[in-house]
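let's see this in three dimensions:
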Amino acid sequence: MEELSEETRRYIADLFYSEIVPKLNRLGARRGKIGCGFAGERFKNWIIEFKENGSDMEIIDIEYDSEANEIDLDL
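Now for the predicted structure:
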């Protein structure tokens, strides 16, 4: 398992906030975990744990999970 640099964590977080949070808000999500495959193939086994924070989402952690799966948020 590789470790993520702070720069890589920021890259994933930026994409999460710009591309994923609007979809989570449309779906009424409040807390959960989602795969980081949206940031590219090499991140498909990384998971973001998030929770609602007012009208936004807050990243709690980014962790490795060898069994991570993607879900389509464009329902």
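
only C-alpha atoms for contact and neighbour calcs from this point on.
Will do.

strands along the chain, start to end?
31-35, 46-53, 56-64 (DSSP state E).

of all those, which one is nearest residue 9?
Closest approach to residue 9 among those is made by strand 56-64 (7.8 Å; CA to CA).

so how far is the closest one off the chain centroid?
Distance of strand 56-64 from its chain centroid, counting by CA atoms, centre = their mean, to the nearest Å, is 7 Å.

any buried residues in that strand, and which?
57, 58, 59, 62, 64 (16 or more other CA atoms under 10 Å).

mind checking how far the fourth one is from residue 8?
Distance check for residue 62 against residue 8: by CA to CA, to the nearest Å, it reads 11 Å.

residues in contact with stretch 57-71?
Around stretch 57-71, the neighbours that count as contacts under CA atoms under 8 Å, 6 or more residues apart in numbering are 1, 9, 13, 17, 21, 30, 34-35, 37, 44-52.

ok, now with 10 Å
Under the contact criterion CA atoms under 10 Å, 6 or more residues apart in numbering, stretch 57-71 has outside partners 1-4, 9, 12-13, 16-17, 20-22, 24-25, 29-38, 43-53.

tell me the average confidence for that stretch?
Stretch 57-71 carries an average pLDDT of 86.
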